[in-house]
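Participant: next come a sequence and a model predicted from it.
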Amino acid sequence: MTKKDLARLKRLFLKYVQANRMEDPSEQRNIALKRRHTLSVCRDMGFLCRGEGLNENDSLIARAAALLHDIGRFRQYSDFRTFDDRTSVNHGLLGAEILAKENFFPDGLDRGERALILQAVKYHNAYAIPRLDRRTVFFLKLVRDADKLDIWKVMLEFFAQPEEHRATAAGLGLPEGRGVSLEIIPVVLENRVVPISLVKSLNDYKLLLLSWVFSINFKTTFRLFLRRRYAKALEASLPPGEEVRKAVVHIEDFARSCTFANGPQKEKRT
Ligand SMILES: [Fe+2]
């Protein structure tokens, strides 16, 4: 892949987003949110590629995958007016379908590279990483990490905004909620990603977002997570309490331990 190929992909992506504009300003906010998110994920992917020492070609492939990872979000929103995959469509699978159909890729692009990007788009939102060859899994992990790095930021901005300015679909229609559901805390303390089935409110959702730390793959991502103080910032938007504090301290300790020698500990699954 060349820099020119990536620049062409970026033009096509922006054109595609433009073609999916919505008339209604509150609906357009959701489209704009995903456009902004995508561009930030590309930027974070740049940090990740440098931090993990990727060569130039691999870094271009990773950035192309980052650019296209959420392409399915635009059709998802225009067809269903939601970003909730559970009630609409799996936006990763949809994205891969769109890319295959809409002729996004330059003719000269290596078939293997095209396949890497398609697989990374297809599975970037899968609950677990599927069995694929090592190189595909490597790019998939990069996209999943870069995606999370920006979602933490997007969601912090979302929680900081007054309700009338929010890109409504980002909150998945969850109610504000008063406290947090206490059954979530032991899940966090066991180094597990909180299942969406336990999430009853936006407060619970904040803990789910933080628990993504247990599915992070690269040291650079842990470092950025800590440097950007995402855990403290999300905690500040949660109701204060001993249990929440315990969970947040645990998450930060975990992230810190993963920036050292042996890399991320394995996520525990039930
Ligand atoms: Fe996504």
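Facilitator: The structure has been received and is ready for your questions.
Participant: residue 229 and residue 121: what is the separation?
Facilitator: To residue 121, residue 229 is 30 Å away according to C-beta to C-beta, to the nearest Å. C-beta here means a position set from N, CA and C on the backbone, and glycine is covered the same way.
Participant: of those two, who's got more company?
Facilitator: A side-by-side neighbour count of residue 229 and residue 121, using other C-beta atoms under 10 Å, places residue 121 first with 30 against 13.
Participant: tell me the pLDDT at that one?
Facilitator: Here the pLDDT value assigned to residue 121 is 98.
Participant: I'd say it and residue 71 touch.
Facilitator: Yes: using C-beta atoms under 8 Å, residue 121 is in contact with residue 71, at 6.8 Å.
Participant: find residues that contact each of the two.
Facilitator: Overlap of the contact sets of residue 121 and residue 71 (by C-beta atoms under 8 Å, 6 or more residues apart in numbering) consists of 95, 99.
Participant: what's the separation between the closest residue to residue 105 other than its chain neighbours and residue 103?
Facilitator: Closest residue to residue 105 apart from its sequence neighbours, by C-beta to C-beta, 6 or more residues apart in numbering: residue 114 at 5.2 Å. Residue 114 sits 11 Å away from residue 103 when distances are taken as C-beta to C-beta.
Participant: which one's more surrounded, those two?
Facilitator: Neighbour tally, residue 114 and residue 103, criterion other C-beta under 10 Å: the higher count belongs to residue 114, 18 against 9.
Participant: so which helix or strand takes in the more buried one?
Facilitator: helix 111-123 (DSSP states H and E).
Participant: tell me if that helix is near the ion.
Facilitator: No: applying C-beta under 5 Å from the ion, one finds helix 111-123 separated from the ion by no less than 8.8 Å.
Participant: output that helix in PDB, but only the C-alpha positions, please.
Facilitator: Provided in PDB are the C-alpha atoms of helix 111-123 (Å, rounded to 0.1, in the frame of the first residue of the first chain):
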ATOM      1  CA  ARG A 111      -5.200  -8.700  -2.600                       C
ATOM      2  CA  GLY A 112      -3.700  -9.800   0.700                       C
ATOM      3  CA  GLU A 113      -3.700  -6.200   2.000                       C
ATOM      4  CA  ARG A 114      -7.300  -5.700   0.900                       C
ATOM      5  CA  ALA A 115      -8.300  -8.900   2.800                       C
ATOM      6  CA  LEU A 116      -6.500  -7.700   5.900                       C
ATOM      7  CA  ILE A 117      -8.400  -4.500   5.900                       C
ATOM      8  CA  LEU A 118     -11.800  -6.200   5.200                       C
ATOM      9  CA  GLN A 119     -11.300  -8.700   8.000                       C
ATOM     10  CA  ALA A 120     -10.300  -5.900  10.400                       C
ATOM     11  CA  VAL A 121     -13.400  -3.900   9.500                       C
ATOM     12  CA  LYS A 122     -15.600  -7.000   9.700                       C
ATOM     13  CA  TYR A 123     -14.500  -8.100  13.200                       C
END
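Participant: does the closest residue to the ion within the stretch 101-250 of the chain count as helix, strand or coil?
Facilitator: Here the residue of the stretch 101-250 of the chain nearest the ion is residue 125; by C-beta to the ion that distance is 4.7 Å. Classification of residue 125 by DSSP: H, G, I helix; E, B strand; the rest coil places it in coil.
Participant: next, count neighbours for the closest residue to it other than its chain neighbours.
Facilitator: Take residue 125 and drop its neighbours on the chain: the residue closest to it by C-beta to C-beta, 6+ apart is residue 92, 4.3 Å away. Residues near residue 92, counting by other C-beta under 10 Å, number 23.
Participant: and the angle from the helix or strand harbouring residue 92 to helix 111-123?
Facilitator: Element membership for residue 92 (DSSP H and E) is helix 91-101. Using axes from the mean of the first three to the mean of the last three C-alpha atoms, to 10 degrees, the inter-axis angle of helix 91-101 relative to helix 111-123 is 150 degrees.
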